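Engineer: below: sequence and its predicted model.
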Amino acid sequence: MADHVHLAYDYPLLGAFWTVMWIFLWIMWLMLLFRIITDIFRDRRLNGWAKAGWLLLILVLPFLGVLVYLIARGRQMGEREIHHVQEQQKAFDAYVRQAAAGSAGGVEQLATLTDLKNRGEISEEEFRRAKEKILG
């Protein structure tokens with residue numbers, strides 16, 4: 001048995017503060033590291049050897065590698081992030097426009113079918129089959 005048992009109230013407040021601070025700094029470090037690795041692979045102007053070199057530097061000498069990367073390429077990181085977000089927004093807008101155009105055509109076709117059925121030019125069975133075809 002141990003001579004001294006550590007209880008939760010034996011842990012000093014300053015010790016808890018330092019523990020929380022180190023955990024916070026560790027999480028910040030991981031976020032920065034992953035952000036830089038993502039930026040390395042996202043940059044289309046770097047060739048494969050340059051990407052491999054930056055990645056090797058960051059993995060072998062992490063603190064020095066991150067510091068050098070931020071000094072050398074930190075300003076363009078934000079610009080590349082903005083460009084990436086703009087490309088995603090353009091792709092999303094194009095998808096929405098395409099989906100809206102496709103659904104608008106279906107609405108017009110359903111309106112025409114309903115009008116034909118109301119005038120008696122097509123039967124209920126023909127209306128149902130055409131409607132399933134449009135919605136299908």
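Structural biologist: Happy to help now that I have it.

Engineer: report the residue ranges of every domain in this structure.
Structural biologist: Per the record, the chain has its domains at 1-76, 88-136, by automatic domain parsing.

Engineer: tabulate those (CSV), appending mean pLDDT and mean neighbour count.
Structural biologist: Where you see a C-beta, it was placed from the backbone N, CA and C, and this is true even at glycine. CSV is the format used below for these (pLDDT from 0 to 100; neighbours: other CB atoms under 10 Å):
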stretch, mean pLDDT, mean neighbour count
domain 1-76, 88, 12
domain 88-136, 83, 11
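
Engineer: make a markdown table from those domains and add distance to I82 to it.
Structural biologist: Output for the domains of the chain, formatted as a markdown table (distance: least, CB to CB, whole Å):
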| stretch | distance to I82 |
| --- | --- |
| domain 1-76 | 10 |
| domain 88-136 | 11 |
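
Engineer: which non-adjacent residue is nearest Q76?
Structural biologist: Nearest residue to Q76, sequence neighbours excluded (CB to CB, 6 or more residues apart in numbering): D43, at 7.9 Å.

Engineer: looking at the protein, which helix is longest?
Structural biologist: Determined from DSSP state H, the single longest helix within the chain is helix 62-119.

Engineer: could you point out which element follows that helix?
Structural biologist: Using DSSP states H and E, the helix or strand that follows helix 62-119 in sequence is helix 124-135.
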